[in-house]
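>>> sharing a sequence plus its predicted fold:
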Amino acid sequence: MGMNTYPRVVELLNEHISAKISRNEFCRVTGINRNSVDRYRAGLGCPIHETLVKMAKYFKVSVGHLKGNYDDNDIDYKIDKALGLEPDEALEKARNQNIDILIELLPGLENSQLDQIYKLIISLKKTDPK
């Protein structure tokens, strides 16, 4: 069973397409496939991260805002933004760096350590909002 589109994505797409820009123009500007846009407007399917980044740039909001994780009008978000911090990008970068470090360490680890890492990964997957 697939995930539904984030409500803020549906709302922004339906507010902008037709009223402010044509679907074809939106697709041309963002590089997002027309069929995908139609599905998202109908609330079907969940955009991948790269697509959310394209939408966020177009709508001038954060990916977290599109996902409904927080409101871009929130004072903490505004402070982070003023400091040049993008929560979603910072989190993704940290995850990627940690994965790279972990991959380098794996060959030297003992089985018990690998088992602990596996259990940690499984627990993180269960709590990951994606």
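Yep, it's here.
>>> gap between L66 and P47?
Going from L66 to P47 by CB to CB, to the nearest Å gives 8 Å. Yep, even glycine has a C-beta here, placed from its N, CA and C like the rest.
>>> okay, and the common contacts of the two?
6, 9, 55 (CB atoms under 8 Å, 6 or more residues apart in numbering).
>>> just the helices in this protein please.
7-16, 23-30, 34-41, 49-59, 63-67, 75-82, 87-105, 111-127 (DSSP state H).
>>> tell me what the third one is packed against?
What it means is helix 34-41. helix 7-16, helix 23-30 (3 or more CB pairs under 8 Å, 6 or more residues apart in numbering; DSSP states H and E).
>>> out of those helices, which gets nearest to I122?
helix 7-16 (29.1 Å; CB to CB).
>>> which elements pack onto the closest one?
Counting by 3+ CB pairs under 8 Å, 6+ apart, helix 7-16 packs on helix 34-41, helix 49-59, helix 63-67.
>>> name the stretch among those helices that sits most buried.
Ranked by mean neighbour count, the helices and strands packed on helix 7-16 are led by helix 63-67 with a mean of 22 (mean count of other CB atoms under 10 Å).
>>> of all the shared contacts of L66 and P47, which comes closest to D38?
V9 (12.8 Å).
>>> need the contact list for the closest one.
Per CB under 8 Å, 6+ apart, neighbours of V9: 40, 47, 52, 55, 66.
>>> ok, now E11?
Applying CB under 8 Å, 6+ apart, no residues contact E11.
>>> now do stretch 11-22, average pLDDT.
Average pLDDT, stretch 11-22: 88.
>>> list the buried residues of it.
Neighbour-count burial for stretch 11-22 flags 12-13, 17 (criterion: 16 or more other CB atoms under 10 Å).
>>> now that stretch - C-alpha only, PDB.
C-alpha atoms of stretch 11-22 as PDB (Å, rounded to 0.1, in the frame of the first residue of the first chain):
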ATOM      1  CA  GLU A  11      -2.500  22.200  -1.100                       C
ATOM      2  CA  LEU A  12       0.400  24.200  -2.600                       C
ATOM      3  CA  LEU A  13       0.100  22.400  -6.000                       C
ATOM      4  CA  ASN A  14      -3.600  22.900  -6.200                       C
ATOM      5  CA  GLU A  15      -3.300  26.600  -5.200                       C
ATOM      6  CA  HIS A  16      -0.600  27.400  -7.700                       C
ATOM      7  CA  ILE A  17      -1.300  25.300 -10.700                       C
ATOM      8  CA  SER A  18      -4.000  26.800 -13.000                       C
ATOM      9  CA  ALA A  19      -4.400  29.900 -10.800                       C
ATOM     10  CA  LYS A  20      -0.800  31.100 -11.000                       C
ATOM     11  CA  ILE A  21       0.900  28.800 -13.500                       C
ATOM     12  CA  SER A  22       0.000  26.100 -15.900                       C
END
